[in-house]
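Engineer: Need a 3D model of the sequence below.
(4 chains)
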2 protein chains.
Amino acid sequence: MSGTEKLDAVFAALANPTRRAILARLAKGEATVNVLAQPFEMSLPAISKHIRVLENAELIERGKDAQFRPCRLNPSALQDVANWAEQYRHIWEARFDVMDTVIEAMKDSNDD
Amino acid sequence: MSGTEKLDAVFAALANPTRRAILARLAKGEATVNVLAQPFEMSLPAISKHIRVLENAELIERGKDAQFRPCRLNPSALQDVANWAEQYRHIWEARFDVMDTVIEAMKDSNDD
DNA sequence: CATGTAATAAACCAGTTGCTTAATTAACCA
DNA sequence: TGGTTAATTAAGCAACTGGTTTATTACATG
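Structural biologist: This next block holds a predicted model:
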């Protein structure tokens, strides 16, 4: 899978609140499918599919423990997202620079 | 639109290589629809729809200049993505800590 | 006014997504 | 061996996505 396809899969996986909630839960530690499903009202197969999407995007990894399939976060895919967004950091920092300039200008003109 | 719905829209918008390429182009400065479409092989209406998706996700803003509709990046939505990912920073940093521990252990056992 | 240019709208289509219920697989346990 | 628990597969369905082509709107200019 190319770098672009990988980002496609990661962002598509993140574009769903149930899946983001699953990731948030996994940030607190490994969990099985049933445990992950517990907070949600939807069926178990639905959760199973969400987990498959997260796994295909390599946002999580899975183990095997008897009839359990424990899930854990894969930090590197999350880091990919952070790195992608960081590309644009200079853009929002530039915006703050403009605001700073305005604020400085307001300070300099003592018309209060 | 709730915070969750907004993130849904932002991530869904980013889950497409054409739209990410459009953002990358806009990082270099404002551009019209035709200019944005130029590098791609697809039809103009297709690009127009991609732009609409980016606009709905508030990843871009649009102006009006005669018959042109110039697009520019909206830094704050990109910052939202960075902030979301930063939530998980402690997780990948913890992983590096483990690697550091292993490296330290290797140093301490002078079996070289 | 007539023509050209920028962009969007409308209608359509194939493929994907997100869910459901019912059936199945796999492992444990008594 | 037979029953229980964990999880996935299968089949089906409505809604959404990403593209197309054709038609339309809006403005500019000779």
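Engineer: How about the contacts made by A:Ile60?
Structural biologist: A:Ile60 sits next to A:22-23, A:26, A:51, A:54, A:71-74 when contact means CB atoms under 8 Å, 6 or more residues apart in numbering or on different chains. For every residue, glycine as well, the C-beta is placed using N, CA and C.
Engineer: Give me the three-state assignment for A:Ala85.
Structural biologist: helix (DSSP: H, G, I helix; E, B strand; the rest coil).
Engineer: Pretty sure B:Ala82 is one of the things it touches, is it not?
Structural biologist: Yes - the criterion here is CB atoms under 8 Å, and A:Ala85 meets it with B:Ala82 at 3.7 Å.
Engineer: on that earlier part again, closest one to B:Val10 out of the contacts of A:Ile60, please.
Structural biologist: Nearest to B:Val10, judged by CB to CB, of the contacts of A:Ile60 is A:Leu23 at 15.6 Å.
Engineer: is the helix or strand A:Ala24 falls within anywhere near DNA strand C?
Structural biologist: With elements taken from DSSP states H and E, the one containing A:Ala24 is helix A:17-26. Yes - interface with DNA strand C: helix A:17-26 contributes A:Thr18 (CB under 7 Å from any atom of the strand).
Engineer: what about A:Asp8, distance to A:Ala27?
Structural biologist: Computed with CB to CB, to the nearest Å, the distance linking A:Asp8 and A:Ala27 is 23 Å.
Engineer: More neighbours: which of those two?
Structural biologist: Neighbour count, other CB atoms under 10 Å in any protein chain shown: between A:Asp8 and A:Ala27, A:Asp8 has more, with 18 against 14.
Engineer: Tell me the spatial nearest neighbour of the more buried one, not counting adjacent residues.
Structural biologist: Using CB to CB, 6 or more residues apart in numbering or on different chains and skipping the chain neighbours, the partner closest in space to A:Asp8 is B:Ala15 (5.6 Å).
Engineer: which residues of chain A score low on pLDDT?
Structural biologist: In the predicted model of chain A, residues A:96-112 satisfy pLDDT under 70.
Engineer: which ones are touching A:Leu7?
Structural biologist: A:Leu7 neighbours (CB under 8 Å, 6+ apart): A:80, A:84, B:14, B:17, B:20.
Engineer: among these, which ones are buried?
Structural biologist: The neighbour-count test (16 or more other CB atoms under 10 Å in any protein chain shown) marks A:80, A:84, B:14, B:20 as buried among those.
Engineer: in what helix or strand does the first one lie?
Structural biologist: This points to A:Asp80. helix A:75-86.
Engineer: Would that helix count as contacting chain B?
Structural biologist: Yes - Helix A:75-86 lies within reach of chain B by CB under 8 Å from any CB of the partner chain, at A:75-76, A:78-79, A:81-82, A:84-86.
Engineer: which of those are buried?
Structural biologist: Applying 16+ other CB under 10 Å to the residues of helix A:75-86 next to chain B flags A:75, A:78-79, A:81-82, A:84-85 as buried.
Engineer: now, among those, which is nearest to B:Leu59?
Structural biologist: A:Ala85 (11.4 Å).
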